[in-house]
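A.B. asks: Any chance you can model this:
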Amino acid sequence: MESEFYEKDKLLIFKITDEIDDHTVQMIRRRADYEMERYMPKRVIFDFDSVTFMDSAGIGLLIGRYKFANMIGAKLEITNLTGSVRRIFDMSGILKLIPVC
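C.D. replies: Residues are numbered from 1 along each chain as shown. This next block holds a predicted model:
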């Protein structure tokens, strides 16, 4: 996972480059929480452009980061959903909670 912070816009972008399963979700969660606490952004975007596989652990990851973002006063968004990832998000109802930009 790569991350970029834009000081001017208080924007933090996470570009996920791995498959999202039980194994990788722990690493992504730790890194995302650390970066969000470090920069205290106003807006956080998870970019799913390179994600080829995601299971239910990815839904838990996003819901947890959504709650964490709300705690620090940030808005969480997702972008560049691949077809398979979008279907999982549609079925879970997460797109009603987290906006797609």
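A.B. asks: how much space between Phe46 and Leu97?
C.D. replies: Distance, Phe46 to Leu97, using Cβ to Cβ, to the nearest Å: 13 Å. Any C-beta I mention is one placed from the backbone N, CA and C, and that applies to glycine too.
A.B. asks: Tell me which of these two has more neighbours.
C.D. replies: Phe46 (25 against 12; other Cβ atoms under 10 Å).
A.B. asks: can you tell me which residues contact the more buried one?
C.D. replies: Residues counted as contacts of Phe46 (Cβ atoms under 8 Å, 6 or more residues apart in numbering) are Phe14, Ile16, Leu62, Arg65, Leu76, Glu77, Ile78, Thr79.
A.B. asks: Buried ones among the residues you listed?
C.D. replies: Neighbour counting over the contacts of Phe46 (16 or more other Cβ atoms under 10 Å) leaves Phe14, Ile16, Leu62, Arg65, Leu76, Glu77, Ile78 as the buried ones.
A.B. asks: Among those, which lie within helices?
C.D. replies: Residues of those located in helices (DSSP state H): Leu62, Arg65.
A.B. asks: Now distance to Glu2 and pLDDT too, for the buried ones among the contacts of Phe46, in TSV please.
C.D. replies: Below are the buried ones among the contacts of Phe46 laid out as TSV (distance: Cβ to Cβ, whole Å; pLDDT from 0 to 100):
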residue	distance to Glu2	pLDDT
Phe14	7	96
Ile16	8	93
Leu62	17	94
Arg65	16	97
Leu76	17	97
Glu77	17	97
Ile78	16	97
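A.B. asks: tell me which of the buried ones among the contacts of Phe46 is nearest to Tyr39?
C.D. replies: Nearest to Tyr39 out of these is Phe14 (Cβ to Cβ; 11.5 Å).
A.B. asks: roughly how far apart are that closest one and Pro99?
C.D. replies: 16 Å.
A.B. asks: quick one, helices of the chain?
C.D. replies: In the chain, the segments counted as helices under DSSP H are 22-39, 56-71, 83-92.
A.B. asks: Output the contacting helices and strands for the longest one.
C.D. replies: On a contact count with 3 or more Cβ pairs under 8 Å, 6 or more residues apart in numbering; DSSP states H and E, helix 22-39 meets strand 2-6, strand 11-15, helix 56-71.
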